[in-house]
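Trainee: Give the three-dimensional model of this entry:
(chains A and B)
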Amino acid sequence: MDNSTLHSIALVIVMAVVSFLLRAFPFMLFSGRKETPKFVLYLGKVLPYAIIGMLVVYCVKDISFDSVSHFLPYIIAGAVVVLLHIWKRNTLLSIIAGTLSYMALVQFVF
Amino acid sequence: MKYKNDVKKAFSATIPVLMGYLALGFGFGVLLSTEGFSALWAFFMSVTMFGGSMQYAAVDFLADAISLLEAAVMTLIINARHLFYGISLVDKYKGAGLKKIYMIHALTDETYSLVSSDHIAKGVENKQLFYFLISLFDHCYWILGCTLGAVFGTNVDFNSEGIDFVLTALFLTIFVEQWLSSKDHASAIIGVACAVSCTALFHENMLIPSMVLILIVLCVLKKVRREKYDG
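Mentor: Alright, predicted model coming up:
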């Protein structure tokens, strides 16, 4: 194996190890104790709501309102997801219908 | 099989991730192969690193042969949000034994959005097995997507434009479901508001400041509310 291959392997190992340590850190910090601290329990309950909200914003943050063909598919497909979900409460249906309508819009309409 | 129903539920919960990961993983595989790395690399990277934005960035890092220290620092920056995901799973994953180590390794944004949502685990018998399977299924889809992308590269002519919307739709659906099934919307509103304001300030790098701001606001909220209820 030449040096550049070895370096690439080392890079992958470093990135994998750091990724794992980041994911493991909160568990290492709090799991050792018999009882999970109260504020961790509190955060465990409320954080998911906030994080999902954040991830939604993260996904739509790059929408450009400069061109109609760019943001309209997002708005329409997003509305399909939200309305369909309020109506049917069927996760899979909402996601697949929303995605198919988005794909149809960007491929055929705009 | 004892938990057949749980396995089925775990699979159907991950179908949207299946679609998203195959498409995004494929994109990664194609990108990696254009830099001259074989499918074996795509396979091992998706097994060991398992992270969308991280692996896309890693293609450049490998191509530029950056130093190990730089790689470590960049990984810290790109994946720092994972520091926060674990906090809300400490109690949920308690007592999962050896499975837990794997579940921690396989904790991506999408897996997190599934395992942290209580409505998804409704009616499940063995929750820890359920969370484990969700992690495993998601990981398999990702490995499959990445490897196939590197194998077939640009030879596949399937117009998948727009399929990445599936992950946006996944988060959006979970958001709506959580909104409908809970009375207290404070946390959801805080999450959106913090993310929007941090996007305005930090643009691409909004994730870490958003998480820090969310944590601060949630802690303040708890204090304020307790004083209100106690007083």
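Trainee: And the helices in the chain?
Mentor: Let's take chain A. Per DSSP state H, chain A carries helices over the ranges A:3-30, A:38-60, A:68-88, A:91-104.
Trainee: wait, I meant chain B there
Mentor: B:4-34, B:39-48, B:52-64, B:68-79, B:82-85, B:98-105, B:109-115, B:127-152, B:165-181, B:186-202, B:207-230.
Trainee: Out of those, the one nearest chain A is which?
Mentor: Closest approach to chain A among those (Cβ to the nearest Cβ): helix B:186-202, 2.9 Å. Where C-beta positions appear, they are placed from N, C-alpha and C, glycine not excepted.
Trainee: contacting residues around that closest one?
Mentor: A:46-47, A:49-54, A:56-58, A:61, B:175, B:178-179, B:182, B:206, B:209-210, B:213-214, B:217-218, B:221 (Cβ atoms under 8 Å, 6 or more residues apart in numbering or on different chains).
Trainee: Same check on stretch A:102-110?
Mentor: Residues from elsewhere that reach stretch A:102-110 (Cβ under 8 Å, 6+ apart): A:68-70, A:72-74, A:76-77, B:159-163, B:165, B:169.
Trainee: Highest neighbour count among those?
Mentor: Ranked by neighbour count (other Cβ atoms under 10 Å in any protein chain shown), the contacts of stretch A:102-110 have B:A169 at the top, with 30 neighbours.
Trainee: returning to that earlier point: as a markdown table, the helices of chain A with mean pLDDT would be great.
Mentor: Listed next are these as a markdown table, based on pLDDT from 0 to 100:
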| stretch | mean pLDDT |
| --- | --- |
| helix A:3-30 | 94 |
| helix A:38-60 | 90 |
| helix A:68-88 | 94 |
| helix A:91-104 | 91 |
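Trainee: With distance to B:A193 as added columns, please give these in JSON lines.
Mentor: As requested, the helices of chain A are exported to JSON lines (distance: least, Cβ to Cβ, whole Å):
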{"stretch": "helix A:3-30", "distance to B:A193": "24"}
{"stretch": "helix A:38-60", "distance to B:A193": "8"}
{"stretch": "helix A:68-88", "distance to B:A193": "18"}
{"stretch": "helix A:91-104", "distance to B:A193": "24"}
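Trainee: for those, which one sits closest to B:I143?
Mentor: Ranking those by proximity to B:I143 (Cβ to Cβ) places helix A:3-30 first, at 13.5 Å.
Trainee: How is chain B partitioned into domains?
Mentor: B:4-182, B:183-231 (automatic domain parsing).
Trainee: hey, which of the ones you listed is tucked in deepest?
Mentor: Stretch with highest mean neighbour count among the domains of chain B: domain B:4-182 (a mean of 19; mean count of other Cβ atoms under 10 Å in any protein chain shown).
Trainee: Run the chain-centre distance for it.
Mentor: 5 Å (Cα atoms, centre = their mean, to the nearest Å).
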